[in-house]
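>>> Return a 3D structure for these sequence lines:
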Amino acid sequence: MIELLTDPGAWASLVTLTAMEIILGIDNIVFISVLVSKLPRAQAVRARSAGLLLALVFRILMLLALTWLIGLTDPVLSVLGQAVSWRDLILIAGGLFLLVKATHEIHKEFDEEEGVPADLSGRAFIAVILQVALIDIVFSVDSIVTAIGMAQHVPVMIAAVVIAMGVMWVSSGPIGGFIQRHPTTKMLALAFLMLIGVSLVADGVGMHIPRGYIYFAMAFAAVVETVNVLAKKRRARLKAQAKASGDPVRG
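A predicted model of the protein is given here:
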């Protein structure tokens, strides 16, 4: 354990794994932000913290059970000549869950009457936590299986996971707040979840979609939405200034 502190290879693995865990955690942050956006601020903070804590616990437990986790990649059945492992089944189930959840939330955005408050009962809070825990398992399997191929020391993997979770906890607050303040971004986040769901199902059936393509599409759409939000703020400010000065307001 002590010798790892003076091993340059261990430090290089730590930096690489931490960066990878943060990147793979983007999916998790988007999902949690969408789920907690319907909760009051106090409950949203608690739900977000609980969700990320669950993700941390799942990842550490999986790292401590490497033998079992590596066994998840062994084929358990064959479908149309294609070998299927437990990891594939988990990814497919998680991807389908994301697709169903995102579709359901999109329908709610259109069907709910404006001004009607969402269900903010204790059961709603517990339901959010359970859904976060469920999808955490999927994202944990995906990221930890990838991490195993990049490092040889479990303490290095655990340190990388803890650091990445700290970064995700700090960044999830501003992201969740932004989604709450700008409802149009929630629809964009739901579209991201559908994209992530499709990629998980594709990975499960052996059709890997490079994450770089997905994250580039998400980043491009996020930049476009940010420009749109800034443009709306500018128009609102100009209208307010025109109204205050008595000039006619132009659309």
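
>>> any idea where the strands of this structure begin and end?
75-79, 82-85 (DSSP state E).

>>> Report the mean per-residue pLDDT for the longest one.
When pLDDT is averaged along strand 75-79, the result is 76.

>>> Other residues contacting that strand?
Ala83, Val84, Ser85, Trp86, Leu89 (Cβ atoms under 8 Å, 6 or more residues apart in numbering). For every residue, glycine as well, the C-beta is placed using N, CA and C.

>>> Quickly note the distance from the fourth one to Pro75.
Going from Trp86 to Pro75 by Cβ to Cβ, to the nearest Å gives 9 Å.

>>> neighbour count winner among these two?
Trp86 (17 against 11; other Cβ atoms under 10 Å).

>>> count of neighbours near the closest residue to Leu190 other than its chain neighbours?
Residue nearest to Leu190 in three dimensions, not counting chain neighbours: Ala102, with 4.7 Å by Cβ to Cβ, 6 or more residues apart in numbering. Ala102 sits with 21 neighbouring residues when counted by other Cβ under 10 Å.

>>> Looking at Ala102 now. What's its pLDDT?
Confidence score, pLDDT, at Ala102: 84.

>>> my read: it touches Gly197, true?
Yes: between Ala102 and Gly197 a contact is recorded at 6.6 Å, counting by Cβ atoms under 8 Å.

>>> how about Met165, what does it touch?
So Met165 contacts Glu21, Gly25, Leu52, Ala55, Leu56, Arg59 (Cβ under 8 Å, 6+ apart).

>>> Low-confidence stretches in the stretch 101-250 of the chain?
111-122, 142-143, 145-152, 246-250 (pLDDT under 70).

>>> can you pull out the helices in it?
All helices of the stretch 101-250 of the chain, identified by DSSP state H, counting those that start in this stretch, fall at 122-148, 154-181, 183-204, 211-245.

>>> And those helices: which comes nearest Ser33?
helix 154-181 (4.2 Å; Cβ to Cβ).

>>> what comes up buried for that closest one?
156-161, 163-165, 168-169, 172, 175-176, 178-180 (16 or more other Cβ atoms under 10 Å).

>>> Over to stretch 213-228?
Ile214, Tyr215, Met218, Ala221, Glu225.

>>> quick one: Gln43 and Phe125, what's the gap?
5 Å.

>>> With Arg181 instead?
21 Å.

>>> Tell me, how many residues neighbour Val138?
23.

>>> list the contacts for it?
So Val138 contacts Ile90, Leu91, Ala93, Gly94, Gly95, Phe97, Leu200 (Cβ under 8 Å, 6+ apart).

>>> Break the protein into its domains for me.
Per the record, the chain has its domains at 2-208, 210-251, by automatic domain parsing.

>>> which of the ones you listed is buried the deepest?
With neighbours defined as mean count of other Cβ atoms under 10 Å, the domains of the chain peak in mean count at domain 2-208, which reaches a mean of 17.

>>> can you give me how far that one is from the chain middle?
5 Å (Cα atoms, centre = their mean, to the nearest Å).

>>> go on, stretch 203-213?
17 Å.

>>> Leaving out chain neighbours, which residue sits closest to the residue nearest the centre of the chain?
In the chain, the C-alpha nearest the mean C-alpha coordinate belongs to Asn28, at 1.9 Å (Cα atoms, centre = their mean). In this structure, Asn28 finds its nearest non-sequential neighbour in Phe139, 5.0 Å apart by Cβ to Cβ, 6+ apart.
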